[in-house]
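Colleague: sharing a model prediction with you, sequence too.
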Amino acid sequence: QLQLVESGGGSVQPGGSLRLSCAASGFTLAGYAIAWLRQAPGKEREGVSCISNSGGSTNYADSVKGRFTISRDNAKNTVYLQMNSLKPEDTAVYYCARRLGCQSPVVGSWGQGTQVTVSS
């Protein structure tokens with residue numbers, strides 16, 4: 001079964017850090033760009049960051065630039081999202097998804113997501 005599994009979420013205070021992981025099962029991540037998206041309560045899902053299949057190209061939403069870093073370890077079949085200087089507005093369920101390229105639509109099914117809560 002082809003799936004992505006997100007992990008690493010939790011509850012942190014403003015200014016804290018978390019590292020999310022996106023692990024692939026049943027396929028090789030190296031053939032895909034991987035995007036992180038998030039959905040806050042009552043809001044639409046939004047793109048956060050994307051990394052090309054080689055890792056040579058990345059992009060970020062303006063709201064997270066300078067605070068979040070996306071990376072990948074194709075040998076471990078895993079993509080990471082390092083989140084620093086977290087703000088309450090970063091609170092959301094975070095999902096990873098496959099794309100043929102960072103400008104392409106998401107392919108395949110969504111994982112269950114991982115909850116990130118930033119609160120004092």
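Modeller: On my side now, so go ahead. Since this is a predicted model, take the numbers as computed values, not measurements.
Colleague: from here on, contacts and neighbour counts on C-alpha atoms
Modeller: Fine.
Colleague: now for the protein, the helix or strand with the poorest mean pLDDT.
Modeller: strand 106-107 (a mean of 88; mean pLDDT, DSSP states H and E).
Colleague: which residues sit against that strand?
Modeller: Under the criterion CA atoms under 8 Å, 6 or more residues apart in numbering, residues Ala97, Arg98, Arg99, Leu100 lie in contact with strand 106-107.
Colleague: same list (the residues you listed) but as JSON lines, adding distance to Ser11.
Modeller: As requested, these are exported to JSON lines (distance: CA to CA, whole Å):
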{"residue": "Ala97", "distance to Ser11": "23"}
{"residue": "Arg98", "distance to Ser11": "26"}
{"residue": "Arg99", "distance to Ser11": "29"}
{"residue": "Leu100", "distance to Ser11": "32"}
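Colleague: selection in PyMOL covering whichever of those residues are buried, please.
Modeller: Buried residues within the contacts of strand 106-107, by 16 or more other CA atoms under 10 Å, are selected in PyMOL with:
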select buried, resi 97+98+99
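Colleague: now do the same contact list for the residue positioned nearest the centre of the chain.
Modeller: Centroid-nearest residue in the chain, with CA atoms, centre = their mean: Trp36, separated by 2.8 Å. Going by CA under 8 Å, 6+ apart, Trp36 touches Gly47, Val48, Ser49, Cys50, Leu81, Tyr94, Tyr95, Cys96, Ala97.
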